[in-house]
Each structure stands twice: as structure tokens, then as C-alpha cells.
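Undergrad: The following comprises the amino acid sequence and a computationally predicted model.
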Amino acid sequence: AKDEDPRLFSCSTEDCDGAKALRNEKKPPAARGIGSATPPEAAKSVTVDELCFFFENPAKHYFTSTLKARFDEDRESVLAGEEMFETDTLDNYKMGDAIMTAILSGRGSSEHLQEELTQQAMLPLGEPGRVVFGRAWEQMDTFLDEEIEGDKLRKLLADAPRHVAIDVECETSRLVGRVDVRRSKAADIILAARPASIKAKDLLRAWIRHLALAAMGESVQTLIVPKKAEEFHRYPVWDKARAKAILGQLLGLMDQGRSKPLPFALETSLAFVAALPREIVEPPAEESLAHAFVAAEGRWVSKKDDDSRGDDQDPYLYRAFREPGPMAAEGFAACARLVFDKMPLPEKRKQGRAPSPAANTPAPKAEDPKATYSPATTDKEDSGPGVHTTKSAKTKKPDKLEAAGETVPDAHAGPAEKPVGQKKPRRPRKTEEPT
């Protein structure tokens, strides 16, 4: 700069940059605690991947993006302290994913991949490792031979997809990005193949991508192909205006989640909505709500008897909601329904894949695209398809059933208090889950 003294210099680039930063105007410190008085401005544009990542764990997004805090770094960097003798669920998933990539790419041999996985401590040494790897390779080969929409799964995955650019203008933000579309013998499809059991995040990722394409006017179906044939799931062609309205609701929730943890946990919230009758009156009957809250609690709390991992084991969700979980937070039911109410839920099938729908299956009826979620809504009005918002009390007991149409709160008062009779809070266990 012209006003700098040429006699002043520094041999340390880092110290020089620090000195220059001290000359800049100081900004006031950010508000402390969970929830801030001045929420950050809404993003002008959000990518499809960012929207998927947010709803997979809104609490994690809040802590890492808004508060710049992380709680899982120790788990990601810890090395195994003992020799592996058998693989666990996470190892099997990673191994299956690596085998599928190797088979589809046609690069490398099975022996080379087995050696690589052994070096990464994903396989036991010696003969046990060879047996496990051989069985996994055979299972993946069978999985890729499944017939989907008149084609082999391996052919659909190996063929180059068509890249569709996403640019959807909603009320609060613009959704941008790219979604891959594949061509089967029957129609254009979004294909999500997972060599494992279907999970809530698989349904959510596929649902958001499906809505993004529908909002662009693309007439596509989405196929979710898990390892178990009875879990095969399909999203039908969706109406453009309706898809845009739902995306507007999701983007509105994301804007709200920047300033406080959203009362939402993926598996727990999906269990709540799945337990409600699909055709219900507004507001839902108290008996239906009670049943749904029991289902949600079953997905939140980890079970020691079968070593089942609940959402309470996630370090971000636990710090946001503690022992009672998001079910005790105001707006939990309304938030869960805004995300999942219109998403077609999977149904178990006893045999084989689901039959293809008729080509002339009509698209869902269009709804008012202006009927999007608004965080500032307080009076009773349409906040989205099938969901109404009403004024709610400032405080509520954690065990009180909330109406499913209750407005998602504009402020978060911090971790919910522990209800009488509940157990002492537990620390999250250091376990992982397939991503």
C-alpha cells in the first residue's frame, strides 16, 4: 500500500499477515450459546448436496457451520488398537462399496483389491480374510446381476449418466447443482444402488434429488435398490409446481437451522411420520400422536440388549437435545411432517422387486406453489401441503403431545430439561455407521 513505510519488513509471512489483520476494523464477537439473537443471513444459493447434508444431521450442520465446533474428530482419527479377527457392519459396507466400484470400473484384480483392503485394516489377515473377501465378492456379483427396469443393474451403473443442471428459484433461496439421470429400457430414472439395507438417509437423499429434477420439469422416476430385494423402493413422476413448493419448505427449514438446532433427527423423525396413518384428519388424533411418539422414542434411544445404535449416540444430536431427544422440543412433530409427509414411504414386499408402474400413471395433483413453509408464520394458515400452523404456547412440558400442525419455533432455548423419572444422561458411545 502507498502509506506503508518501506523500512518496515518481516521475514515471517505468518507474522506479517497477522500484523496486517490487526490493522483491520474489529468486528463484535458472535453471540454465545445454542441459538443466537441475530441469525445469519439466508444463503443466496444452496446446492443439492448441501441440502442433503443438512437434513442428514441438522444439529451437526449447526455446530460445525454456525458455531465452528466439532465433536467427532477423535473418533475419525483413532487407530485400531488390536488385530482384526472378524469384520463388523461398517467394514462390510465399505468393503462391498469398494468391490462394487472395482467390478464396475473393470480396473484391477480381486487379489489386488483384497491386499489393499487388508492393508487398510478392513480385512483379517491370512485365510480368514480371504474367506470373507471371497464371500463378499460373490455376493456383490449376484447383487449387480439383479434386473432393474429390463436391464441388469451392472449395465445401468456402468453406462455414463446424463447430467442435469439444477437451478430452482424458491422464496428464500435458490437451489443449484447437478443430478445424474440414467436411461433404462423403460424410462429415464435416478438410480440409487446401495449394497446394504436401506436407511433413512438413502430415502432422503433420493427424495431431494427427485424433487430437484421434478422442479426442473424432468419426468423421471427414482429407484432405490438396496441389497435386500423386499426393500426395493420407487418414487413416481412428480408434479413440477408441487415439487417446487416442497423444496421451498425444505430450504426454509434450512435457513432456520442456521441460527438454532432444528428439532429434527433423521431416523427418529422418519419413525414418527411412518407411525402416523397416511390418511389423517388435521390435527391428528391424540391416540395416533401417542403411537407416533412411542415409535420416535424407539429410534432415539439405543438398546443395550441388541447393541442397537439410536440417534442419541450421535454426539451432535445428543448435545443439542440431551436425554429427552428432539421429541421434547417444541415443533418436533410439525418439522418431521414438513420433511417427510409427502415422501412416499417404503413398504416391505415378500418376494422380488416391485413391478413397474403403468406408463400412463398420472402425476400427483399440483398444489399451490406459494404454500411454502415460512419460519415467521404464527397465525393459522397453510404452511405447506397437508400441514397447518397454529399459535403455540411459549413453554410446554416435554411429555405433552404437541399438535402435528404446530409452528416450528423461531428460537431455541437450549437443551431441554430432563423429565422426571428419566434415566441419567449417557455419554455417546464411540461407534460408527455406514455413510
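TA: Happy to help now that I have it.

Undergrad: all contacts plus neighbour counts: C-alpha atoms, from now on.
TA: Will do.

Undergrad: can I assume Arg70 is in contact with His61?
TA: No: look at Arg70 against His61 with CA atoms under 8 Å: they stay out of range, at 9.9 Å.

Undergrad: buried residues in the strand ranked longest in the chain?
TA: If you go by DSSP state E, the chain has its longest strand at strand 174-183. Buried residues in strand 174-183, counted by 16 or more other CA atoms under 10 Å: 174-179, 181-183.

Undergrad: wait, which of those residues is closest to Lys240?
TA: Nearest to Lys240, judged by CA to CA, of the buried residues of strand 174-183 is Leu175 at 14.3 Å.

Undergrad: what are the phi and psi values for Ser219?
TA: phi -90, psi 90 (degrees, to the nearest 10).

Undergrad: got a list of what it touches?
TA: Residues in contact with Ser219 (CA atoms under 8 Å, 6 or more residues apart in numbering) are 188, 213, 237-238.

Undergrad: likewise His112?
TA: Counting by CA under 8 Å, 6+ apart, there are no residues that His112 touches.

Undergrad: Against Lys44, how distant is it?
TA: Separation of His112 from Lys44 (CA to CA, to the nearest Å) stands at 46 Å.

Undergrad: Helices along the protein, start to end?
TA: Applying DSSP state H to the chain gives helices spanning 13-22, 48-56, 58-61, 73-77, 89-105, 110-119, 126-144, 153-158, 200-215, 240-256, 266-275, 286-300, 315-321, 332-340.

Undergrad: So, low pLDDT: which residues of this protein?
TA: In the predicted model, the chain carries pLDDT under 70 at residues 1-4, 27-43, 73-86, 88, 90, 107-109, 229-230, 279-281, 305-308, 347-435.

Undergrad: One more pass at 90, please.
TA: Low-confidence segments of the chain, defined by pLDDT under 90: 1-44, 68-161, 171-173, 182-199, 223-234, 277-288, 302-310, 341, 345-435.

Undergrad: how about the buried residues of strand 174-183, which pair is most distant?
TA: Arg174 and Arg183 (27.5 Å).

Undergrad: re the thing from before, and the helices of the chain: which comes nearest His233?
TA: For His233, the closest of the helices of the chain is helix 200-215, at 8.7 Å, according to CA to CA.

Undergrad: That closest one: which residues count as buried?
TA: Residues of helix 200-215 classed as buried by neighbour count (16+ other CA under 10 Å): 201-215.

Undergrad: on contacts alone, who are the packing partners of the longest strand of the chain?
TA: Helices and strands touching strand 174-183, by 3 or more CA pairs under 8 Å, 6 or more residues apart in numbering; DSSP states H and E, are strand 45-47, helix 48-56, strand 162-169, strand 188-193, helix 200-215.

Undergrad: Output that strand as PDB - backbone C-alpha positions only.
TA: Only the C-alpha atoms of strand 174-183 are listed here, as PDB (Å, rounded to 0.1, in the frame of the first residue of the first chain):
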ATOM      1  CA  ARG A 174     -32.100 -20.700  -5.000                       C
ATOM      2  CA  LEU A 175     -31.300 -24.500  -5.300                       C
ATOM      3  CA  VAL A 176     -28.500 -25.200  -7.700                       C
ATOM      4  CA  GLY A 177     -26.300 -28.200  -8.500                       C
ATOM      5  CA  ARG A 178     -26.400 -31.300 -10.700                       C
ATOM      6  CA  VAL A 179     -28.300 -34.600 -10.700                       C
ATOM      7  CA  ASP A 180     -27.400 -37.700 -12.700                       C
ATOM      8  CA  VAL A 181     -30.100 -39.300 -14.800                       C
ATOM      9  CA  ARG A 182     -29.800 -42.800 -16.300                       C
ATOM     10  CA  ARG A 183     -31.700 -44.300 -19.200                       C
END
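
Undergrad: Count the neighbours of the nearest residue to Phe53 once chain neighbours are set aside for me.
TA: Nearest residue to Phe53 in three dimensions, chain neighbours excluded: His61, at 7.9 Å (CA to CA, 6 or more residues apart in numbering). Neighbour count of His61, defined by other CA atoms under 10 Å: 25.

Undergrad: now swap in the one 5 residues further on and tell me
TA: Here the count is done by other CA under 10 Å, and Thr66 has 19 residues near it.

Undergrad: Verify the contact between Leu104 and Asp159 for me.
TA: No: with contact defined as CA under 8 Å, Leu104 does not count as touching Asp159 (9.5 Å).

Undergrad: okay, the two: which has more neighbours?
TA: Counted by other CA under 10 Å, Leu104 and Asp159 do not tie: Leu104 has more neighbours, with 14 against 11.
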